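*Asks:* Just the structure for this:
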Amino acid sequence: MSVSIDEIRKLKELTGVGLTDAKNALVEAGGDFDKALEAMRRKGLTKAEKRGEREARAGLIEAYVHDGRIGVLIELNCETDFVAKTDDFKTLAHDVAMQVAAMSPEYIAEADVPEEDKLRKEAELIEAAKNAGKPEEIAKKAVAGQMNKYFAELTLMKQLFWKDDSLTIEDLIKNHIAKLGENIVVRQISRIELGVSK
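*Replies:* Have a look, this model is predicted:
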């Protein structure tokens, strides 16, 4: 089966793979571009998860100020200076900084949430469920889902991406890991708002 060079190039640009891999994916998908794109993304995300174990110490610090009222600094790391200087990486850093400005996460990842905060919130939700007349077993099950939702809203990696709510920030970063071929880590975030102290 022959596939057009334009489609091969388009698939290469969207996934970050080589021309040969893009052509093979299109041939395997019977010329169906969307099917080939989905197959390449699945392969890329599998590779991205393996790359997630590699050390990321290069990168950049991105600053974003919104309307003179909200200021954000983030440290976004990758493996090499070469990738840190690409437009894709710089755009990702800017998008993540804007996410922090808009959504005000308290933590980067779920692992960063202190255990005492989890226990305090869980006790609070169980008490509220009991006061609403729910039996303890049902209250505990309902609380698990409420806990996940509550901390997802406070955790950068679990938040829905402000530009595309079909993705979380974690998905967005994994997509960039697949595209750029390097591990990418949000190392630090800092947000200040005029007139608001923590």
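*Asks:* how about the strands in this protein?
*Replies:* 58-66, 70-78, 160-161, 164-168, 185-193 (DSSP state E).
*Asks:* who does the fourth one pair up with?
*Replies:* Paired with strand 164-168 in the same sheet, following DSSP bridges, are strand 160-161 (antiparallel).
*Asks:* residues making contact with the strand it pairs with?
*Replies:* Contact with strand 160-161 is made by 95, 99, 167, 168, 169, 171, 172, as judged by C-beta atoms under 8 Å, 6 or more residues apart in numbering. From N, CA and C alone the C-beta is placed, and that goes for glycine too.
*Asks:* Run through the bridge partners of the fourth one.
*Replies:* I take that to be residue 168. Assigned bridge partners for residue 168, using DSSP bridges, are residue 160.
*Asks:* pLDDT-wise, which helix or strand of the protein ranks last?
*Replies:* For the chain, the helix or strand with the lowest mean confidence is helix 33-51, at a mean of 65 (criterion: mean pLDDT, DSSP states H and E).
*Asks:* re the thing from before, relative to residue 86, which of the strands of the chain is closest?
*Replies:* strand 70-78 (9.0 Å; C-beta to C-beta).
*Asks:* so what does the closest one touch, helix or strand wise?
*Replies:* strand 58-66, helix 87-103, strand 185-193 (3 or more C-beta pairs under 8 Å, 6 or more residues apart in numbering; DSSP states H and E).
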